[in-house]
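Engineer: structure of the sequence below:
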Amino acid sequence: EDDDEDDDSNNDNDASSSSNAKASSTKGKKKSGKSTFFSFKSTRSIQKSMEEKIPLIVAGTDVVDVSGEQLGDPMDMAILGALKWKCSKDTLTSTSTRSKSKCAVKKLHVFQFNSHLKRMSTVCEISGRDRNNISEGVVVCKGAAEVVKDMLTNIPTDYDRIHKTYAQEGKRVVAIAYKPLNSVPSKLKASKMKREDVESGLRFMGFIVFGSSLKYETKKAVNILLQSSHKVVIITGDSPLTACHVASDVRVCENTPCILTRKFSSQRVYDDDVNVDNGSEEGYVWRIVNGKGDEEELNAHLTVDEIRDMAESYDLCVTGDVISHWKEQNKLETFVRFFKVYARTTPHDKSAIVQAYKGLGATAIMCGDGTNDVGALKVADAGLALLSSGSRRPRKRRQNLTMMESAQRDMEALMQEDRPVKPGDASIAAAFTSKTGSCISVCQLIRQGRATLVVANQMIQILVLNCLLNSFSMSVLYTQGIKLSNTQMTFSGIAIAAAMFFVSASGPVKKLSDKRPRPSSTSIYMFVTVLLQFAFHVGILLFSMDVASAEQVVPNVFDPDASSSSYEPSITNTVVFLLLVSMQASTILVSYHGAPHIQSLKDNSNLLTITGILFGFALLGASGAFASISGMLELVPLSANVSEKLMMAIVGDAVGVFAIDYIVSAIFPPPKGGF
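Structural biologist: Numbering: from 1, shown residues only. The predicted structure is shown next:
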């Protein structure tokens, strides 16, 4: 079972803006779940430079005003909130009480963010930046650092070093650039501008750096999954360096990261709908991340042996460019097993990766909370949507609890809180939605799913064996003149119904096991163990019938014309009924496997009690200890010889079916964990 965790959904965003100038920065503090903007606290010139850039920074956001509510991308919302700006219709203004500026930014046209293009642009009108209140037309482009770089006219010498250094620290790095227009265009004229013209000849302004703190209990969830032999991978649209840092932080990666990507010798030009590479392709390279922005490049040949060898020495990351190439050549399933991190992926890439794991026979769980995760959530065997509104950390407890017990209590506390939930696109596509927003929900989902599967398999096995025994007693035995009374049938039905109720009420264990449950009730194990146990039960029944018939003075005679309601107590009937009761109890005990996926029989005290009562009744009934109860159930007293052999048959039947199930389970074991 694979848990595919998208680190796009695992961040509480902080934002900063940095340029080439050196400056110290301080981080404001807000409550968890909010975003904080890095402000520059240095020389006045830098502070003044930042004040001039703020209108351009907010112009690059894509936030809309819907009935007075600000809606948009979480990172853009973080920027506006930190800078104390708001959107009213199509105009952005400052809400800060300290700001004396009357600057306003009016959006004329927005080229929306595209996961293939990895950028967005706005054409806007900025007014009030100077005392003359002159309006100016400006284009602002914001996107992935490596994408914006190809559109700049001025590329700083340390451009790559700066954004890679931040990315290696686990930050989200967004480059922002602008271009002044000769005049302020009308909305109609702005809407007719071509994207390639707008996004060319840009001037570099700086980087916006978002601090990415993991969602609550992400490390704990990943640790539990890894200890239980699951393969955990990260699929994200973030840069490879950021993704590798997050993977190392949650221990998905423990070795030196190595990134597989495509290399181009000239600029890459993007179309609005598809990713078009007009530059000359140099092939594929391995980039071994050594330190602060330092990388060692090796040529890659994309052979299975090469990638397997690299996976033995490094933790591998692959970018969306390579994923797209493998999809075109139908090779994704061949290589996907060797990678732990997938970066710069599009929504289609995420879906293809999940499909590839499923194609390898794995059971894939996708965990995400964004619109870009919808496709992958839908194609996964189990999609789990996390609602960001429920990511609040529960109160700490002082008890000495295990990891899983602590997680279970935290989940229960969060689930009991009555908070409004706003489901998004992810929750619509996913089969499951976590109101808590905690990644520990993945472990809870697996535990509950395993318990459901195990209980269903157990109930099917119990029902099949009981149906076979009942059909044998009501057909084959009936032709021998042996049948059960209405009272006996009612007693047997009530007992098995109560036992089945307690079987179905079995809850999951608190610890996630590294062993896998049997995936289906139609497995070879199920067929073999049911048939052998039934054959053994029939053999015991026939043996006991022979013993009873030898002691019975009046033989049982089958009369097809006799009334079906007529019943005459006999030794054979008594022996068969007591054996069937004990066989029902042994069937339940043998079929109930308990740990490591559901609570053990010792913990399920109700089931243990009722099966103990059935066994005790059968043994005591065979010994003749309950004369009054025997009369109520229309049983006859047994001789010492029959009683002794019947008790031996009851014990031998229970021991025999336990041995059969143990041997068959050893021959056909459940699937092993790992991938």
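Engineer: show me where the stretch 101-250 of the chain has strands.
Structural biologist: 104-114, 119-127, 136-144, 172-180, 203-213, 231-235 (DSSP state E, counting those that start in this stretch).
Engineer: averaging pLDDT over each of the ones you listed, which comes out lowest?
Structural biologist: Least confidently modelled of the strands of the stretch 101-250 of the chain is strand 203-213, at a mean of 83 by mean pLDDT.
Engineer: can you show me the helices along the stretch 451-600 of the chain?
Structural biologist: 486-504, 524-551, 571-591 (DSSP state H, counting those that start in this stretch).
Engineer: can I get those in CSV with mean pLDDT and mean neighbour count?
Structural biologist: From N, CA and C alone the C-beta is placed, and that goes for glycine too. Listed next are those as CSV, based on pLDDT from 0 to 100; neighbours: other C-beta atoms under 10 Å:
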stretch, mean pLDDT, mean neighbour count
helix 486-504, 85, 16
helix 524-551, 90, 17
helix 571-591, 88, 24
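Engineer: who wins for proximity to N606 among those?
Structural biologist: helix 486-504 (4.5 Å; C-beta to C-beta).
Engineer: next one: that closest one to chain centre, how far?
Structural biologist: On the basis of C-alpha atoms, centre = their mean, to the nearest Å, the separation between the geometric centre of helix 486-504 and that of its chain is 38 Å.
Engineer: got the end-to-end distance for stretch 624-643?
Structural biologist: 8 Å (C-alpha to C-alpha, to the nearest Å).
Engineer: next, the buried residues of it.
Structural biologist: Counting neighbours by 16 or more other C-beta atoms under 10 Å, one finds that the buried residues in stretch 624-643 are 624, 630, 633-636, 638, 642-643.
Engineer: what sits up against it?
Structural biologist: Residues from elsewhere that reach stretch 624-643, judged by C-beta atoms under 8 Å, 6 or more residues apart in numbering: 485, 487-488, 491, 547-548, 551, 567, 569-571, 573-575, 577-578, 617, 620-623, 646.
Engineer: for L260, find the nearest of the helices of the stretch 451-600 of the chain.
Structural biologist: Nearest to L260 among the helices of the stretch 451-600 of the chain is helix 524-551; the distance by C-beta to C-beta comes to 40.3 Å.
Engineer: would you format the helices of the stretch 451-600 of the chain as JSON lines with distance to R450 included?
Structural biologist: Listed next are the helices of the stretch 451-600 of the chain as JSON lines, based on distance: least, C-beta to C-beta, whole Å:
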{"stretch": "helix 486-504", "distance to R450": "15"}
{"stretch": "helix 524-551", "distance to R450": "17"}
{"stretch": "helix 571-591", "distance to R450": "17"}
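Engineer: out of those, which is closest to L152?
Structural biologist: Among the helices of the stretch 451-600 of the chain, if distance is taken as C-beta to C-beta, the winner is helix 524-551, at 63.5 Å.
Engineer: give the contact list for the nearest residue to R516 once chain neighbours are set aside.
Structural biologist: In space, and not counting its chain neighbours, R516 is closest to P671: 4.5 Å by C-beta to C-beta, 6 or more residues apart in numbering. Applying C-beta under 8 Å, 6+ apart to P671 gives the contacts 516, 518-519.
Engineer: one more: K672?
Structural biologist: 229, 515-516.
Engineer: out of those, flag the one nearest to P156.
Structural biologist: Using C-beta to C-beta, these come closest to P156 at S229, 47.1 Å.
Engineer: quick one on the thing from earlier: want to try TSV for the buried residues of stretch 624-643, with secondary structure, pLDDT and distance to M459 as columns?
Structural biologist: Putting the buried residues of stretch 624-643 into TSV (DSSP: H, G, I helix; E, B strand; the rest coil; pLDDT from 0 to 100; distance: C-beta to C-beta, whole Å) gives the following:
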residue	secondary structure	pLDDT	distance to M459
G624	coil	74	34
S630	helix	67	31
L633	coil	75	27
E634	coil	75	30
L635	coil	81	30
V636	coil	80	34
L638	coil	82	34
V642	helix	87	34
S643	helix	87	34
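Engineer: rebuild those residues as a markdown table, extending it with distance to V289.
Structural biologist: Converted to a markdown table, the buried residues of stretch 624-643 look like this (distance: C-beta to C-beta, whole Å):
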| residue | distance to V289 |
| --- | --- |
| G624 | 80 |
| S630 | 79 |
| L633 | 76 |
| E634 | 81 |
| L635 | 79 |
| V636 | 83 |
| L638 | 80 |
| V642 | 80 |
| S643 | 78 |
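Engineer: quick check, nearest of those to G211?
Structural biologist: L633 (73.8 Å).
Engineer: excluding sequence neighbours, find me the nearest residue to S191.
Structural biologist: Nearest to S191 is H109, by C-beta to C-beta, 6+ apart, at 4.9 Å.
Engineer: ok, now which ones touch that neighbour?
Structural biologist: Taking C-beta under 8 Å, 6+ apart, we find H109 in contact with 122-123, 187, 190-191, 193.
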